[in-house]
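In: below: sequence and its predicted model.
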Amino acid sequence: MGSEGPKSVVINVSGFKKFQGVAENPTETIVNNLRSFVEKRGLPSGLTLGSCTILETAGDGASPALYKAMDSGISKTGSTTNEQVVWYHNLVTIIFVASSASLGVNSGALKFAIEQQAVNEATFRCPDELGWQPQQFPIIDSDGGISRARETSCSIEAILKFLKKKGFDVVISDDAGRFVCNYVYYHSLRFAEEKGHKSLFVHVPLFSRIDEETQMRFVASLLEAIAATC
């Protein structure tokens, strides 16, 4: 009857602007340069880089841009044709942020960290870039208490194995903190679950710890890993 064609996967990518302790966020550079980098490098068949968005390092301040980026990917799948239904069910959002030991976020800042989950609690130890500092605040009221957690549906063990084979020093983390990272990731995971696609949050080191070229190669490899395991 013939073999199936390659699986179609669209990946939307977001990074953050500067925040306290990180005057130049490497993820802003990575996301801004990613499209030209992968165009030169090439992507596997069936993998498409969707939107590349830079978010304000803020809770509520980042959410509108995040939802707009995720909605933009879904709006392309509004038709009921078979091809577009496949794209809808293989839409992935990746969010990158810099690690900062000074903020207590992923103190192992020499490694890349794949975040497994987010918790329904916003407790900011310092104000975000728009001056908001919630304390023990439920991110989504209708989700219940602040102990509620949501996990990524991405195959992170398989992604980890793929990246380690490429020579990258990567770990899986089960605690994204309670600051902006966790706040944005929780929103993203909830949205992804509602829409039937996937979300993943990754902490990256500063360029002073791992150089820009290596980090660009890591992100390109991560895209390939997600496409291979989605």
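Out: Yep, it's here.
In: okay, and the beta partners of residue 10?
Out: Going by DSSP bridges, residue 10 is paired in beta bridges with residue 48, residue 91.
In: just use 844 as the starting number from now, easier for me
Out: Sure thing, new numbering starts at 844, so read that last one as residue 853.
In: how many other residues sit next to it?
Out: The local packing of residue 853 (other C-beta atoms under 10 Å) involves 22 other residues. Any C-beta I mention is one placed from the backbone N, CA and C, and that applies to glycine too.
In: and it, how far is that from residue 898?
Out: Here the criterion is C-beta to C-beta, to the nearest Å. By it, residue 853 lies 19 Å from residue 898.
In: for residue 1037, see how far away the spatially closest residue to residue 959 that is not a sequence neighbour is.
Out: Leaving aside its chain neighbours, residue 959 sits nearest to residue 1017 (4.8 Å; criterion: C-beta to C-beta, 6 or more residues apart in numbering). Residue 1017 sits 23 Å away from residue 1037, going by C-beta to C-beta.
In: kindly report the same for residue 876.
Out: Shown here: residue 876 relative to residue 1037, a distance of 31 Å by C-beta to C-beta.
In: comparing these two, which residue is more hemmed in?
Out: Each of residue 876 and residue 1037 has its neighbours counted (other C-beta under 10 Å); residue 876 has more, 14 against 8.
In: from what I can see that one touches residue 1059, true?
Out: Yes. If you go by C-beta atoms under 8 Å, residue 876 and residue 1059 touch, sitting 6.8 Å apart.
In: the residue nearest the centre of the chain: what's it in contact with?
Out: Compute the mean C-alpha point of the chain, and by C-alpha atoms, centre = their mean the closest residue is residue 938, 2.1 Å away. Applying C-beta atoms under 8 Å, 6 or more residues apart in numbering, one finds that residue 938 lies in contact with 856, 857, 858, 898, 909, 1027, 1028, 1031, 1042, 1043, 1044, 1045.
In: pull the number of nearby residues for the last one.
Out: Taking other C-beta under 10 Å as the neighbour definition, residue 1045 ends up with a count of 22.
In: for it, helix, strand, or coil?
Out: Assigned by DSSP: H, G, I helix; E, B strand; the rest coil, the conformation of residue 1045 is strand.
In: what do you get for the fifth one?
Out: Using three-state DSSP, the three-state assignment for residue 909 comes out as helix.
In: again, but for the third one
Out: Secondary structure assignment for residue 858 (three-state DSSP): strand.
In: gap between it and residue 1026?
Out: Taken as C-beta to C-beta, the span from residue 858 to residue 1026 is 16 Å.
In: next: the last one.
Out: Summarising the geometry, the distance separating residue 1045 from residue 1026, computed by C-beta to C-beta, is 16 Å.
In: what sits against residue 867?
Out: Residue 867 touches 861, 1050, counting by C-beta under 8 Å, 6+ apart.
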